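# Predicted structure and sequence below. I'll ask about it afterward.
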Amino acid sequence: MKLDKNATALLVIDAIEATGADTLYDPDAATAAYRDAVARAVAACHAAGVPVIFCNDAHIRGLDRELELWGEHGVAGESRIFPQIEVGEGDIIIPKRRYSGFFQTDLDLTLRELGVTTVIAVGADTNICVLHTLADAYFLGYASVVVTDATMTFLCGTQEGALEHCEKCYGSTLCTVSDLEAAL
């Protein structure tokens, strides 16, 4: 796998845990191996000078449609990025209120201003927020890479099915954190 570090950004999608009563982002729901893999991917991108963008749920209680389906989760101000992840000074945080990090946010504008043509995705849920973010990335003309051991499915479907969908429907390259580290 070859990456142009000057045209690539890492999207860290919902690598968050609840600080309140949220049951979806329960700190125990994410495995230690998955959390460590996300942290390694972030650290590798920091070391390589690749921009890191966090696309985190920041729902508005009583308004957001996702809350009707999944219950209260990812409410703005009631979650935090995994403590294993070192957030860098230049990292960008883009709050989102729907599955996709692109929907009604300035993610596309930010990526274009950075000169990005390829996005690397880590985070959760692979079958929902990662998948929908990569769908929009594909529709907007971005190439994508999915770090398989730094993504996790825990709400619906299977990890394998989500990864197959990303690869076959959006042309995503699949790799491990070790592959990503070697490519950077």
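Alright, I've got the coordinates.
# from here on, contacts and neighbour counts on C-alpha atoms
OK.
# State the distance from Gly63 to Arg98.
For the record, residue 63 is Leu, not Gly. Distance of Leu63 to Arg98, computed by CA to CA, to the nearest Å: 11 Å.
# between those two, which one's more packed in?
Taking neighbours as other CA atoms under 10 Å, Leu63 and Arg98 compare with Arg98 leading, 21 against 10.
# OK, contacts around the more buried one?
By CA atoms under 8 Å, 6 or more residues apart in numbering, the contact set of Arg98 is 57, 64-66.
# Tell me the first helix or strand C-terminal of the longest helix along the chain.
Ranked by number of residues, the top helix in the chain under DSSP state H is helix 32-48. Later in the chain than helix 32-48, the nearest helix or strand by DSSP states H and E is strand 52-57.
# between that next one and helix 32-48, how many degrees?
140 degrees (axes from the mean of the first three to the mean of the last three CA atoms, to 10 degrees).
# Pull out the buried residues from the helix or strand following strand 52-57.
Later in the chain than strand 52-57, the nearest helix or strand by DSSP H and E is helix 65-70. Going by neighbour count (16 or more other CA atoms under 10 Å), the buried part of helix 65-70 is Leu67.
# Show me what helix 65-70 is packed up against.
The helices and strands touching helix 65-70, judged by 3 or more CA pairs under 8 Å, 6 or more residues apart in numbering; DSSP states H and E, number zero.
# how far out from the middle of the chain is it?
Offset of helix 65-70 from its chain centre (CA atoms, centre = their mean, to the nearest Å): 19 Å.
# Could I get the average pLDDT for it?
Across helix 65-70, the average pLDDT comes to 84.
# hmm, who's touching that helix?
For helix 65-70, the external contacting residues (CA under 8 Å, 6+ apart) are 24, 59, 61, 73, 98.
# which SSE is the last one in?
Looking back up the chat, that one is Arg98. Using DSSP H and E, no helix or strand contains Arg98.
# Could you tell me which strand of the chain is the longest one?
Longest among the strand segments of the chain by residue count, using DSSP state E, is strand 143-152.
# by how many degrees do it and helix 32-48 diverge?
Put simply, strand 143-152 runs at 140 degrees to helix 32-48, going by the same axes, to 10 degrees.
# so the very next helix or strand once past strand 143-152 versus strand 143-152, what angle?
The first helix or strand that comes after strand 143-152 along the chain, using DSSP H and E, is helix 159-170. Per the same axes, to 10 degrees, the angle that helix 159-170 makes with strand 143-152 is 170 degrees.
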